[in-house]
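> Compute the structure for the input listed below.
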Amino acid sequence: MAYASNDLQWLLLRKHTSFIVKRDGALFTSEPNNLTQKNTYKYSGLANAGVVGIETDSNGHVVVTRRKAKAGRKISGGNAALRIQKTGDFRRVARNVKSNARASRRPDLNQAALARWTRISQSIKNAKKAEASSTDMVVTE
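Numbers count the residues shown, from 1 in each chain. Predicted structure coming up:
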């Protein structure tokens, strides 16, 4: 099996991928493990060797995925998914997110990973508030 360098992968993927989303003249991407959803080489989850991804599953648990730099060129394998159960302690989960970004050998992704976790945490809180307010409005006869 022949391997391609990260730079060559980016040159092939940057304009021709099914994950590209064009909105108001800007290019975004919906690819997995892209922390900012920007279509740039730095944040690309497909073309980079060391990658960190933060998502939530259907139960509201936080899933942190990382791919180490050494296993980056392998198409199969090389991914390590770490499931962090959100307990309401923002700082504990933020510490785990930061350590996983460091473990992927990409210290430049620390800030983006923490920003992504902050946005996800806020959306979980807003969803719980909306759910609580909708149950309060239920009219019983």
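
> low pLDDT regions in this structure?
1-2, 68-88, 136-141 (pLDDT under 70).

> Do you have the helices of this protein handy? List them.
Taking DSSP state H to define them, one finds helices in the chain at 6-13, 90-103, 110-136.

> Redo those as a markdown table? Include distance to Glu55 and mean neighbour count.
For glycine as for every other residue, the C-beta is placed from the backbone atoms N, C-alpha and C. Output for the helices of the chain, formatted as a markdown table (distance: least, Cβ to Cβ, whole Å; neighbours: other Cβ atoms under 10 Å):
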| stretch | distance to Glu55 | mean neighbour count |
| --- | --- | --- |
| helix 6-13 | 21 | 15 |
| helix 90-103 | 12 | 16 |
| helix 110-136 | 8 | 13 |
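
> Dump these into JSON lines; add distance to Glu31 as well.
Written out in JSON lines, the entries for the helices of the chain read as follows (distance: least, Cβ to Cβ, whole Å):
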{"stretch": "helix 6-13", "distance to Glu31": "9"}
{"stretch": "helix 90-103", "distance to Glu31": "18"}
{"stretch": "helix 110-136", "distance to Glu31": "14"}
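
> Relative to Asn39, tell me which of those helices wins on proximity.
Comparing these by their distance to Asn39 (Cβ to Cβ), the top pick is helix 6-13, with 9.4 Å.
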